[in-house]
Structure formats: structure tokens, C-alpha cells
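**Student:** Need coordinates for the below:
(one chain, ligands or ions: 2)
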Amino acid sequence: MKVILLRYGEVFLKGNNRKFFEDTLIRNIKKSLSQYDFSLKRLSGRYEISDFDESQTKNIVNRLTKVFGLHSLSIATKVESEPENIIDVVKQLDLTNKTFRVTTNRASKIFPIHSMEFNKQLGEIILNTFEGSKVDLHNPTVEVKIDIRENGYTYISTQTIKCADGMPLHTAGKGLLLLSGGIDSPVAGYYMAKRGLTVEAIHFHSYPYTSELARQKVLDLARKMGDYLGSIRIHIISVTNIQEQIHKNCHPDYMINLLRRMMMRIAEKVAEKCGAGALITGESLGQVASQTLESITSTNSVVKMPIFRPLIGFDKLEIIDVAQRIDTYNISILPYEDCCTVFLPKNPITKPKIDRVLKEESKIDVEKLLDESLATEEIVDIN
Ligand code: ATP
Ligand code: MG
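**Tutor:** Ligands and ions are numbered 1, 2, ... in the order given. Below you'll find the predicted structure:
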């Protein structure tokens with residue numbers, strides 16, 4: 001019988017809370033496979049997925065590799081632990097012209113043959129069965145793993161597939177991600193979800209200066225992130241009024257800094273309302289004028305909530321790498337305008353002084369603009 005063996009990572013370490021983490025992990029696995037029939041069993045230190053439609057193996061594996069908290073998986077053949085059964089399976093592998101190594105793990109000492117001895121026996125059988133096969137203990141193309149478990153069954157596999165690692169989603173509270181249409185913020189959301197945080201998103205637009213396509217792009221990004229984050233709620237809020245007022249009343253070089261301060265305030269209010277305890281941004285130190293230490297100090301100072309910036313020490317190329325891996329990159333690089341590119345100053349201030357920021361900010365009615373913006377909120381749920 002074909003099964004999928006799942007190994008988990010850090011959940012192991014969780015002492016007294018382990019049950020909470022494991023139960024959540026299992027719930028997340030079931031949710032990610034909700035469109036398939038299957039059974040899930042707990043073995044010691046791993047899970048076994050069985051009774052699924054084998055023609056769907058690839059799709060099922062693809063989904064499982066995106067469940068945070070899982071470390072790796074193997075597609076295995078499960079047989080009762082008798083040497084003949086194992087030999088039968090091994091003879092059906094495809095090892096022609098391949099280098100290989102056999103690794104037996106005898107967790108059940110009832111099995112009559114010692115692991116070293118069994119490795120040797122199976123190795124000889126493979127050499128005799130497959131033309132051009134060759135033993136390579138150090139760097140084989142295929143590692144034939146024979147896992148003889150205490151439950152009376154043996155699992156034979158030839159490939160270990162890496163999963164997403166991290167902590168199970170929904171074990172670390174909730175964060176509100178400031179989601180632009182750019183490359184960075186989806187990656188930031190991914191990293192925080194990887195630590196178990198439930199992620200909700202907030203997106204600011206400047207319609208009609210930004211287009212309907214820009215909005216659709218953000219919804220598409222959220223849908224893509226859903227592969228890892230499950231369903232996701234997006235709060236969509238207009239900052240058109242705010243940008244117009246800043247543009248009309250304040251020094252142009254302060255546009256972005258003032259706008260960012262308004263965004264932070266709005267985000268904190270929305271976070272409080274939806275039960276999120278932190279904000280998340282895709283900022284990376286020094287990447288642009290609004291992300292220098294001085295700019296971050298200014299935007300940070302208007303909120304009390306912690307702001308998580310998982311990409312703060314990342315290079316752009318490293319971020320792009322991850323964006324490609326999680327498949328958000330191709331959506332992010334579509335050309336539609338983000339609200340920050342509207343009214344863009346020629347010389348955005350890179351080292352805003354706080355007294356000057358406050359002086360510029362005093363030229364707009366912060367509270368009134370906040371209320372007006374919050375009143376434009378629209379909520380979209382993506383499943
Ligand atoms: P990104 O690629 O995430 O857009 P960026 O390199 O374009 O980042 P900025 O435009 O300076 O950088 O934005 C910094 C962070 O501010 C973003 O990562 C995001 O978290 C937040 N942000 C910027 N614009 C918006 C927006 N329109 N709606 C929501 N959040 C935004
Ligand atoms: Mg941006």
C-alpha cells in the first residue's frame with residue numbers, strides 16, 4: 001500500500017504545550033487536504049497518510065509541502081514486516097543504471113535480521129536485479145530507506161521531500177500584514193505565518209489615482225499566499241483623501257513619511273478591531289528613502305503595537321528568491337501602480353527630523369482624516 005510519511009520539526013520541542021501544537025498541526029493538515037479522501041494516523045514521531053487516490057499523489061504532496069510545522073515527507077510503500085515482503089517491493093523499484101545505498105532503520109527488534117546484514121542482503125538483490133546499478137555509500141543517486149517500525153509494518157521509500165518547516169499556523173496569535181502590491185510584503189507575511197502567526201491583511205489604495213487592476217493584483221497575491229496561509233481576510237482602505245490633503249498642505253519631500261505615519265495609525269486601529277496583536281511590514285533597512293533608520297523611527301513612533309519586519313536584514317535579491325519560491329513574484333512584478341507612487345516627490349526625505357515631521361503633520365487634520373479613511377473600509381475574504 002502507498003502511504004505518505006510526514007515528519008515534523010520544532011513542534012517536537014514544545015514540552016507541555018506539545019498537544020496544542022500537534023492538534024493544530026493535524027487540523028491544518030486536514031484542512032489543506034480537505035478536497036481529498038484520506039486517513040491520517042499518528043505513529044511515534046511521525047504521521048501516516050493513507051487511503052488516498054494514488055493518481056492524486058503529486059497534488060497531495062504539493063499541498064503538504066506548504067503546511068508549516070512539517071519538516072519533510074516521503075512517499076513510501078507499506079508492507080507487513082517480513083523480509084520477503086520487503087524484498088518484493090525493492091525488486092519493483094527503478095534502479096537500472098543508478099547508484100544507490102540501502103539504509104535500514106530497525107526500530108522494531110522483533111525483525112529477525114540486523115540492519116547492517118539486511119542492508120547487505122538487499123544491496124546484493126538490487127545489484128542482481130537492476131542492470132548497471134552500483135553501490136555508492138557516500139553520494140548515491142537513490143537512497144533506499146527501509147524503516148522497520150514497532151507497529152509491525154515496514155516503510156520503503158526512495159525520496160525525502162523537504163516541507164515548509166516553521167511552526168503550525170494559528171499557534172502564535174494574529175498579525176495584520178500591510179500588503180502592498182510589491183515584492184516584499186507577501187514574503188514578509190509568509191515568514192510570519194511560518195512562525196505560526198495567523199495573518200490578516202490590510203491594503204491601502206488611492207482610487208481613482210490607482211486602478212481597479214492594482215486592487216485585483218493584491219487580491220491575486222492574497223490568493224497565492226493562501227497556499228501557505230489558508231484563508232485570508234483583507235481590509236481594503238482608501239487613502240486618497242489623505243494623499244490629497246498632504247499634497248495640498250505639506251512640503252512635498254515629506255509626502256511618503258507622512259502617508260506612512262497615517263497608514264500605521266490606520267493599521268493599528270484595524271488590528272485592534274480584528275484582534276491582531278502586531279503589525280507586519282515588508283520593510284528592509286535602507287532599501288528606499290522610507291526605510292532608513294530615521295524614516296522607520298518616524299513611522300514606528302505613531303503606534304504602540306509591535307511591528308514585525310521579518311525582512312529587515314534581507315537583501316532585495318534574497319527577498320526575490322523567496323518570492324519566486326512561494327510563487328508570488330510573477331504577480332508582484334505586474335506594473336500596476338501602488339498608492340505610494342502617486343504624488344511621488346522628486347526628493348523624498350531620507351533622514352526626517354521628528355520636529356519637522358510634526359510641523360508638517362500639523363498642517364493636516366490627522367484625526368478627521370483617519371476617521372474618513374477608516375469609513376472606506378471594505379472587507380474581502382479569500383478562501
Ligand atoms: P513592497 O514590495 O512590499 O511594496 P517596497 O519595497 O515597495 O515594499 P515600500 O513601498 O516602501 O517598499 O513599502 C514598505 C512597506 O509598507 C511594504 O512592505 C508594506 O508592508 C507597506 N506598504 C506600502 N504600501 C502599501 C499599501 N499600499 N498598502 C499596504 N501596505 C503598504
Ligand atoms: Mg511598495
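**Student:** And for residue 370, nearest residue in space, chain neighbours not counted?
**Tutor:** residue 265 (5.9 Å; Cβ to Cβ, 6 or more residues apart in numbering). (C-beta placed from N, C-alpha, C; glycine too.)
**Student:** Could you check how many residues crowd around residue 276?
**Tutor:** Using other Cβ atoms under 10 Å, residue 276 has 23 neighbouring residues.
**Student:** Now do the same contact list for it.
**Tutor:** Counting by Cβ atoms under 8 Å, 6 or more residues apart in numbering, residue 276 makes contact with 173, 174, 175, 176, 200, 270.
**Student:** Produce a ChimeraX select command limited to the buried residues of the residues you listed.
**Tutor:** Selection of buried members from those for ChimeraX, criterion 16 or more other Cβ atoms under 10 Å:
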select :175,176,200,270
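**Student:** Turn the contacts of residue 276 into a markdown table, including secondary structure and distance to residue 379.
**Tutor:** Output for these, formatted as a markdown table (DSSP: H, G, I helix; E, B strand; the rest coil; distance: Cβ to Cβ, whole Å):
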| residue | secondary structure | distance to residue 379 |
| --- | --- | --- |
| 173 | coil | 20 |
| 174 | strand | 15 |
| 175 | strand | 17 |
| 176 | strand | 13 |
| 200 | strand | 10 |
| 270 | helix | 10 |
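**Student:** Return only those of the contacts of residue 276 found close to ligand 1.
**Tutor:** Applying Cβ under 6 Å from any ligand atom, the subset of those adjacent to ligand 1 is empty.
**Student:** Pull the most distant pair out of the contacts of residue 276.
**Tutor:** By the measure Cβ to Cβ, 173 and 270 form the most distant pair in these, at 15.8 Å.
**Student:** Could you report the neighbour count for the closest residue to residue 52 other than its chain neighbours?
**Tutor:** Leaving aside its sequence neighbours, residue 52 sits nearest to residue 38 (Cβ to Cβ, 6+ apart; 4.1 Å). Using other Cβ under 10 Å, residue 38 is surrounded by 16 other residues.
**Student:** cool, and residue 70?
**Tutor:** Residues near residue 70, counting by other Cβ under 10 Å, number 27.
**Student:** What of residue 365?
**Tutor:** Around residue 365 there are 12 other residues, counting by other Cβ under 10 Å.
**Student:** Show the pLDDT at it.
**Tutor:** As predicted, residue 365 sits at a pLDDT of 98.
**Student:** repeat for residue 9
**Tutor:** On pLDDT, residue 9 comes in at 81.
**Student:** Repeat that for the one 10 residues further on.
**Tutor:** In this model, residue 19 is scored at 88, pLDDT.
**Student:** ok so it is a helix residue?
**Tutor:** Yes - Residue 19: assigned to a helix according to DSSP: H, G, I helix; E, B strand; the rest coil.
**Student:** got the contact list for stretch 194-201?
**Tutor:** For stretch 194-201, using Cβ under 8 Å, 6+ apart, the contacting residues are 68-69, 164-179, 189, 192-193, 222, 225, 228-229, 232-235, 274, 276, 278, 280, 308.
**Student:** Is residue 281 in contact with residue 182, as I believe?
**Tutor:** No - the criterion here is Cβ atoms under 8 Å, and residue 281 misses it with residue 182 at 10.8 Å.
**Student:** Quick check on those two: which one has the bigger neighbour count.
**Tutor:** residue 281 (27 against 19).
**Student:** Over to that one: give its phi and psi.
**Tutor:** As for residue 281, its main-chain torsions (degrees, to the nearest 10) stand at phi -130, psi 170.
**Student:** now do the one 10 residues further on
**Tutor:** Main-chain torsions, residue 291, degrees, to the nearest 10: phi -120, psi 20.
**Student:** neighbours around it, how many?
**Tutor:** 21.
**Student:** now it: how far from residue 256?
**Tutor:** According to Cβ to Cβ, to the nearest Å, residue 291 and residue 256 sit 10 Å apart.
**Student:** Could you do residue 330 as well?
**Tutor:** For residue 330, the distance to residue 256 (Cβ to Cβ) stands at 27 Å.
**Student:** okay, these two: which has more neighbours?
**Tutor:** Neighbours per residue, other Cβ under 10 Å: of residue 330 and residue 256, the larger number sits with residue 256, 22 against 11.
**Student:** quick one: secondary structure of the more buried one?
**Tutor:** helix.
**Student:** which bits of the stretch 151-300 of the chain sit near ligand 1?
**Tutor:** The stretch 151-300 of the chain comes close to ligand 1 at residues 178-180, 182-185, 202-204, 281-283, 287-288, 290-291, as judged by Cβ under 6 Å from any ligand atom.
**Student:** For residue 199, what is the enclosing helix or strand?
**Tutor:** According to DSSP states H and E, residue 199 maps onto strand 198-205.
**Student:** dump the residue contacts of the closest residue to residue 297 other than its chain neighbours.
**Tutor:** Nearest residue to residue 297 in three dimensions, chain neighbours excluded: residue 354, at 7.5 Å (Cβ to Cβ, 6+ apart). Applying Cβ under 8 Å, 6+ apart, we find residue 354 in contact with 297, 298, 301.
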